[in-house]
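Trainee: I would like to see how this sequence folds:
(one chain, ligands or ions: 2)
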Amino acid sequence: MRAVHFGAGNIGRGFVAEVLTEAGFSITFVDINADVIQALNEDGAYEIMYAEQGRPNFRVENVDGLHSAEKPREVEQAVAEADIVTTAVGPNVLPHIAAHIAAGVELRLEQSRPPLDIVACENMVGGSEALKSHVQMHLNLENKAAAEQVIGFPNAAVDRIVPPQPEKKNVLDVLVEPFFEWVIETPDMKRKETSGTLPNVTYVAELLPFIQRKMFTVNTGHAALAYAGAYHGETTIMGALENSRSAAVFAGVLEETGTLLQHLYDFDHDELKTYHQKIRGRFQTPELNDQITRVGRQPMRKLGKEERLISPYVQLHEAGIEAPHLQRTIAYALLYNDAEDEESQLITERLHREPAFEVISAVTGLQDEVLLEKIQAEIEAL
Ligand SMILES: NC(=O)C1=CN([C@@H]2O[C@H](COP(=O)(O)OP(=O)(O)OC[C@H]3O[C@@H](n4cnc5c(N)ncnc54)[C@H](O)[C@@H]3O)[C@@H](O)[C@H]2O)C=CC1
Ligand SMILES: O=P(O)(O)OC[C@H]1O[C@](O)(CO)[C@@H](O)[C@@H]1O
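Mentor: Ligands and ions are numbered 1, 2, ... in the order given. All right, here's what the predicted structure looks like:
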């Protein structure tokens with residue numbers, strides 16, 4: 001069985017590949033990083049190393065690579081022949097890989113190949129569904145209707161911390177945290193016998209509670225640590241946890257999103273507390289040396305309306321629940337300034353040039369004047 005995976009980065013090599021290898025797939029990675037593609041084709045294997053004393057490495061074998069800009073026809077043929085397609089490229093990159101996937105789908109339909117599932121493993125709600133819309137834009141009406149029958153885009157949630165990689169001899173080897181969770185929603189699958197039987201994957205009929213629990217806890221909590229930590233002069237996630245001011249924001253944010261999750265889904269209070277402790281322990285792994293620049297990357301995306309900060313903040317507001325720590329975190333995120341991060345630079349420049357109220361509205365997509373004024377006041381207080 002062959003998988004085609006778009007994005008041979010940290011999560012692609014360090015997580016998706018482990019599960020697919022365990023399931024017996026050989027993997028063709030598609031990427032635009034020439035060094036990684038060359039190494040995949042020369043070595044055909046690499047090691048996953050766990051941030052856990054004494055745990056042996058996991059060897060990923062039977063891999064190769066395709067550079068999508070240099071070998072577009074081969075990428076399309078690989079998609080046409082694949083038994084599963086997965087992605088971990090980042091939400092902003094999904095539109096850029098859609099044309100290749102659509103061309104592969106067209107070939108598949110022409111060649112009357114079996115059904116296929118395409119699973120986006122991105123930190124976002126409705127990732128596969130979003131990819132589906134991008135792919136559909138490249139299909140004519142007839143192929144769109146035909147694809148609807150045989151190409152599934154089941155949504156998924158993925159969770160594993162794969163930090164910025166330490167200096168190492170081999171560009172492919174990847175250090176990961178031992179924990180992982182991959183949840184896939186089953187109703188949209190078209191090839192359950194393949195995509196529905198991956199080992200160590202949790203299958204659910206409705207993903208929303210799982211992905212919201214993950215996004216609003218792991219990702220919102222992480223973002224709070226990153227942005228509050230950066231504001232208080234920290235550069236690492238460990239530093240932010242040890243800093244009493246950012247740690248207090250983190251704890252407050254988890255309380256607030258925990259309240260929301262219980263309000264939305266009736267999650268058990270004690271289970272949620274245990275989940276919080278587990279996450280705190282995962283963040284507190286010194287071997288990962290996780291950097292604020294990674295966790296805080298692309299603040300404009302993270303401040304989007306459907307994302308980890310604004311979505312719970314708005315939902316709490318609508319439920320009549322105050323969320324001062326989330327509100328403060330949103331202000332920290334708007335003030336976040338990493339010289340290497342284009343999005344943080346764009347927000348910083350706009351805040352210098354334009355009234356804060358308008359910048360906040362443009363970045364977050366919020367229209368509610370009450371909320372905009374609250375966030376503006378928060379920024380002014382900092
Ligand atoms: N690193 C982590 O701990 C986690 C990341 N995620 C999600 O996984 C996704 C990937 O994140 P990472 O692996 O950390 O990022 P990464 O930057 O390590 O990997 C992304 C890969 O996509 C490739 N890429 C960029 N444009 C491309 C294109 N047009 N065609 C093909 N490949 C392209 C890049 O060259 C890179 O190899 C994101 O959505 C992220 O939110 C989810 C859970 C954990
Ligand atoms: O990958 P993103 O969306 O930029 O955000 C980083 C987040 O991804 C993770 O690596 C895994 O969910 C978290 O550690 C962190 O909150």
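Trainee: Mind giving me the packing neighbours of the helix or strand hosting residue 248?
Mentor: Secondary structure from DSSP states H and E places residue 248 in helix 244-265. The contact analysis (3 or more Cβ pairs under 8 Å, 6 or more residues apart in numbering; DSSP states H and E) places helix 244-265 against helix 208-214, helix 220-231, helix 237-242, helix 269-283, helix 310-318, helix 324-335. (Glycine included, C-beta is placed from N, CA and C.)
Trainee: got the angle for that helix vs helix 269-283?
Mentor: With axes from the mean of the first three to the mean of the last three Cα atoms, to 10 degrees defining the directions, helix 244-265 sits at 140 degrees from helix 269-283.
Trainee: Do you know the pLDDT at residue 147?
Mentor: Per-residue pLDDT puts residue 147 at 98.
Trainee: Just the element for it, please.
Mentor: helix 141-150.
Trainee: next helix or strand past that helix?
Mentor: Note on helix 141-150: by DSSP H and E, the next helix or strand toward the C-terminus is strand 151-152.
Trainee: Where does the stretch 1-150 of the chain get nearest to ligand 1, which residue?
Mentor: residue 9 (1.8 Å; Cβ to the nearest ligand atom).
Trainee: The closest residue in space to that residue that isn't next to it in sequence - how many residues pack around it?
Mentor: In space, and not counting its chain neighbours, residue 9 is closest to residue 88: 6.5 Å by Cβ to Cβ, 6 or more residues apart in numbering. Look at residue 88: counted by other Cβ atoms under 10 Å, it has 26 neighbours.
Trainee: next one: residue 320
Mentor: 6.
Trainee: now residue 355
Mentor: With other Cβ under 10 Å as criterion, residue 355 counts 11.
Trainee: How much space separates it from ligand 2?
Mentor: Using Cβ to the nearest ligand atom, to the nearest Å, we find residue 355 at a distance of 28 Å from ligand 2.
Trainee: Which per-residue confidence value corresponds to that residue?
Mentor: 96.
Trainee: Enumerate every residue touching the residue nearest to residue 252 when sequence neighbours are not counted.
Mentor: The shortest distance from residue 252 to any residue other than its chain neighbours is 3.1 Å, reached at residue 325 (Cβ to Cβ, 6+ apart). By Cβ atoms under 8 Å, 6 or more residues apart in numbering, the contact list for residue 325 reads 224, 249, 252-253, 255-256.
Trainee: Of these, which ones also sit close to ligand 1?
Mentor: Here nothing survives when these are matched to ligand 1 using Cβ under 6 Å from any ligand atom.
Trainee: just the buried members of these?
Mentor: Among the contacts of residue 325, those classed as buried by 16 or more other Cβ atoms under 10 Å are 224, 249, 252-253, 256.
Trainee: Can you convert those residues into JSON lines and add a column each for pLDDT?
Mentor: Shown next, in JSON lines, are the buried ones among the contacts of residue 325 (pLDDT from 0 to 100):
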{"residue": "224", "pLDDT": "98"}
{"residue": "249", "pLDDT": "98"}
{"residue": "252", "pLDDT": "98"}
{"residue": "253", "pLDDT": "98"}
{"residue": "256", "pLDDT": "98"}
